[in-house]
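1. Build me a model:
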Amino acid sequence: MLRYYRIKAYLNANHFVVFDGKKGKTHPHTWEFVATVYTKNDSIVKFTDTEKAIMSVFEPYQDRVLNEIEPFTAIIPSLENITEYFATNISEAVRPFDFHLRRFEGSETPVRTYGVRFPEVGDGSEDEDADSVEAAIARLEEGSGYKG
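-> Next comes the predicted model:
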């Protein structure tokens, strides 16, 4: 059986972007991040421990200007770069709970989301199951395929 959890986290921070060598205005966001983690562990997971681990990744960035904090002093804190950076760190943060980060999405507005997907770990025998779960989630999110 393939088990998964979806965990949401929010980051309140400011940033600016540089386009064509011109610095934009510093502006705030409440970014929403959604981590889909898979586990083969049969035991019940205490959500508060996992949430604390995930939130500890975001804590140094809360209520700050991202451009002033590593690694965003060297890379532009675009939605894509922010999402990829935090995906890598969240993947490490959930590993002690026997979780594998499969999908990670970041949204800077309700209509603008960027996501990354990690391959399944292990022998790959459950990769097709994971793909089926991902396809079902996508259909539900799009509002099709649900006959409830």
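2. Pick out the least confidently modelled helix or strand of the protein, by mean pLDDT.
-> Least confident helix or strand of the chain, by mean pLDDT, DSSP states H and E, is helix 127-142 with a mean of 63.
3. so which strand or helix has the one residue sitting closest to the centre of the chain?
-> The chain has Phe104 as the residue nearest its centroid, 3.3 Å off, counting by Cα atoms, centre = their mean. Assigned by DSSP states H and E, Phe104 belongs to strand 99-109.
4. same check, this time on Thr30
-> Assigned by DSSP H and E, Thr30 falls within strand 27-39.
5. partner strands of that strand, parallel or antiparallel?
-> Paired neighbours of strand 27-39 in the sheet (DSSP bridges): strand 3-15 (antiparallel), strand 99-109 (antiparallel).
6. And the average pLDDT for it is what?
-> The pLDDT scores in strand 27-39 average 93.
7. in the helix or strand just after that strand, what counts as buried?
-> As assigned by DSSP H and E, the chain's next helix or strand after strand 27-39 is helix 47-58. By 16 or more other Cβ atoms under 10 Å, the buried positions in helix 47-58 come out as 50, 53-54, 57-58. All C-beta atoms are positioned from the backbone trio N, CA, C, and that covers glycine.
8. Just the closest of the residues you listed to Gly21, please.
-> Minimum distance to Gly21 across the buried residues of helix 47-58 is 29.9 Å, recorded for Phe58 (Cβ to Cβ).
9. Distance check, the closest residue to the closest one other than its chain neighbours against Pro60.
-> Closest residue to Phe58 in three dimensions, ignoring its sequence neighbours and counting by Cβ to Cβ, 6 or more residues apart in numbering: Leu11, at 4.9 Å. According to Cβ to Cβ, to the nearest Å, Leu11 and Pro60 sit 10 Å apart.
10. and if you look at Arg6?
-> Going from Arg6 to Pro60 by Cβ to Cβ gives 24 Å.
11. And for Asp98?
-> 25 Å.
12. what's the neighbour count on Tyr114?
-> 16 (other Cβ atoms under 10 Å).
13. Tell me who's in contact with Phe47.
-> 5, 7 (Cβ atoms under 8 Å, 6 or more residues apart in numbering).
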